[in-house]
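Based on what follows, work out the 3D shape:
(one chain, ligands or ions: 1)
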Amino acid sequence: MMGRGRFITFEGLDGAGKSTHVEATAERLRAQGREVVVTREPGGTALGEKLRELLLGEPMHLETETLLMFAARREHLAQVIEPALARGAWVVCDRFTDATRAYQGGGRGVDAEKIEVLARWVHPHTQPDLTVLFDLPPTAAMARLANARTLDRFESEKAEFHRRVRESYLALAARDPGRFRVIDAGLNVREIEKLLDNILVSYCF
Ligand code: TYD
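Numbering: from 1, shown residues only. As a prediction, this is how the structure comes out:
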């Protein structure tokens, strides 16, 4: 029987450019003959995508926001992530619980211990094996977003919010260097692809 798959997450500020690299990473892993599932949070299931619409558009209490993130995550784990890992597939996910730690915890100020209670409840046995953090100063990230499209509830937060989110991400990475790899998202696409290749090579074999 095949072993359990691996769980790889991508994190970073809005505008850091991580989404461009999620699909390319999946392709590289597929080229090694693996089954790869690409997904994202909030979302990844029919219910999760409905919750995503509410989360990105509807004003709500900061703890309601946190609970809905974890509600969407619970469904996502049950329907997509855990079955895929169990059958030996690799899962590449655009954001996971570190985004809640950084955005709801760091950005909004939700008590970190409450977030950890929810994380232990919702995924006691499933943690990312590898997390790639796309790091960029908030001014650069926001400049990239500015002419892209209509901004959602998070993207339209002020610079100070994004600064706190970035600091939280960097603190998480510093606390768990075994799981995190930090990439300078200010580099060009080719350079980032090279760094990602090196990370995957050192990780996969
Ligand atoms: P993302 O899909 O990266 O945005 P986009 O499709 O616009 O590139 O993420 C959507 C937003 O949700 C993003 O601003 C971060 C936020 N978010 C949280 O605040 N907490 C979470 O737990 C997650 C998963 C996302």
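
confidence score at residue 205?
pLDDT for residue 205: 54.

Get me the contact residues on this protein for the ligand.
14, 19, 40-42, 69, 94-95, 99-100, 103-104, 152, 154-155 (C-beta under 6 Å from any ligand atom). No exception for glycine: its C-beta is placed from N, CA and C like everyone else's.

What lies in contact with the helix or strand hosting residue 118?
Assigned by DSSP states H and E, residue 118 belongs to helix 112-122. For helix 112-122, contacts defined as C-beta atoms under 8 Å, 6 or more residues apart in numbering pick out 63, 66-67, 70, 73-74, 77, 97, 100-101, 104-105.

Now render those as a markdown table, adding neighbour count.
A markdown table is the format used below for those (neighbours: other C-beta atoms under 10 Å):
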| residue | neighbour count |
| --- | --- |
| 63 | 13 |
| 66 | 21 |
| 67 | 16 |
| 70 | 21 |
| 73 | 26 |
| 74 | 17 |
| 77 | 20 |
| 97 | 24 |
| 100 | 24 |
| 101 | 22 |
| 104 | 25 |
| 105 | 24 |
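
Sitting in helices, which of these do you find?
63, 66-67, 70, 73-74, 97 (DSSP state H).

Any stretches of this structure with poor pLDDT?
Along the chain, segments meeting pLDDT under 70 span 1-2, 205.

hey, where'd the strands end up in it?
7-12, 36-40, 90-94, 130-135, 180-184 (DSSP state E).

and the third one with strand 130-135, angle?
Angle of strand 90-94 versus strand 130-135, following axes from the mean of the first three to the mean of the last three C-alpha atoms, to 10 degrees, is 20 degrees.

So in that sheet, which strands flank strand 90-94, and in what orientation?
Applying DSSP bridges, strand 90-94 is found paired with strand 7-12 (parallel), strand 36-40 (parallel).

centre of the chain versus that strand, how much separation?
Per C-alpha atoms, centre = their mean, to the nearest Å, the displacement of strand 90-94 from the mean C-alpha position of its chain is 9 Å.

pull the CA atoms of that strand into PDB?
Output of strand 90-94 as PDB, limited to C-alpha atoms (Å, rounded to 0.1, in the frame of the first residue of the first chain):
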ATOM      1  CA  TRP A  90       0.300  15.200  -2.300                       C
ATOM      2  CA  VAL A  91      -1.800  18.200  -1.400                       C
ATOM      3  CA  VAL A  92      -0.700  21.700  -2.400                       C
ATOM      4  CA  CYS A  93      -2.900  24.300  -0.600                       C
ATOM      5  CA  ASP A  94      -3.000  28.000  -1.100                       C
END
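
Can you tell me what sits against it?
5-10, 18-19, 22, 25-26, 29, 34-41, 44, 80-81, 84-85, 128.

Would you point out which residue is most central in this structure?
Among the residues of the chain, the one closest to the centroid is residue 95, at 1.4 Å (C-alpha atoms, centre = their mean).

any idea how far residue 71 is from the closest residue to that residue other than its chain neighbours?
Using C-beta to C-beta, 6 or more residues apart in numbering and skipping the chain neighbours, the partner closest in space to residue 95 is residue 41 (4.6 Å). Using C-beta to C-beta, to the nearest Å, residue 41 is found at 11 Å from residue 71.
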